[in-house]
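Participant: Have a look; sequence and predicted model below, questions after that.
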Amino acid sequence: MARRRHLRPLESNTPGLDISSLIDVGFMLLFYFLVTSTLQPREADLGMELPTDTPSGNPIQLDPVSIRVTIDGAILMSDQQLEEPGGPSDVPTLTQEIQRYYDATQALGQEPVVIVAADDEANQQRFIDVLNALASTGITSITLTGFKDD
């Protein structure tokens with residue numbers, strides 16, 4: 001029997017380039033840039049409110065009430081004297097006026113705001129009487145200031 005001779009291919013001397021690792025690196029870079037990129041918001045996502053023919057808010061706005069305690073102990077609300085100097089400590093007239101203001105703000109859906117100004121030389125008990133009247137009506141937004149009569 002004749003033996004077959006296996007022919008071996010001739011080896012070429014030209015070098016080859018394996019690019020499979022370059023393809024892997026290219027996919028990794030593509031994946032990195034896709035993950036780290038930020039998406040811009042679409043214009044449809046921006047909120048916009050169109051004007052209507054009916055007013056959206058309450059057109060009536062109540063101003064803050066100012067209460068002053070003078071050096072002699074008189075209590076003035078919006079420059080109108082409500083309590084005399086040396087009057088009762090429960091300040092009934094002031095309490096009624098504050099309650100009216102509180103009810104008006106609640107009816108309009110607003111937060112009642114009161115500014116209390118006391119003279120630096122005023123009786124401290126009169127100032128506490130005003131704060132007690134405010135607390136009894138449930139008003140919590142109070143601004144404290146000081147003044148000096150000339």
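Facilitator: Good, I have the coordinates.
Participant: Excluding chain neighbours, what is closest to the spatially most central residue of the chain?
Facilitator: Nearest residue to the geometric centre of the chain (C-alpha atoms, centre = their mean): E111, 15.2 Å. Computed as C-beta to C-beta, 6 or more residues apart in numbering, the closest residue to E111 that is not its neighbour in sequence is S141, at 5.7 Å. In short, each C-beta sits where N, CA and C put it, glycine included.
Participant: G146: which element?
Facilitator: strand 141-147 (DSSP states H and E).
Participant: For that strand, name the packing helices and strands.
Facilitator: Secondary-structure packing of strand 141-147 (3 or more C-beta pairs under 8 Å, 6 or more residues apart in numbering; DSSP states H and E): strand 113-119.
Participant: what about the strand it packs on, average pLDDT?
Facilitator: Averaged across strand 113-119, pLDDT comes to 86.
Participant: partner strands of that strand, parallel or antiparallel?
Facilitator: strand 65-69 (parallel), strand 141-147 (parallel) (DSSP bridges).
Participant: can you list contacts of the last one?
Facilitator: Applying C-beta atoms under 8 Å, 6 or more residues apart in numbering, the external contacts of strand 141-147 come out as 64, 68, 111-120, 131, 134.
Participant: Tabulate the CA atom coordinates of that strand in PDB.
Facilitator: Extracted C-alpha coordinates of strand 141-147, given in PDB (Å, rounded to 0.1, in the frame of the first residue of the first chain):
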ATOM      1  CA  SER A 141     -47.400  85.000  62.900                       C
ATOM      2  CA  ILE A 142     -46.200  88.000  65.000                       C
ATOM      3  CA  THR A 143     -43.500  90.500  64.100                       C
ATOM      4  CA  LEU A 144     -41.900  92.400  67.100                       C
ATOM      5  CA  THR A 145     -40.500  95.800  66.700                       C
ATOM      6  CA  GLY A 146     -39.700  98.700  68.900                       C
ATOM      7  CA  PHE A 147     -40.200 102.500  68.700                       C
END
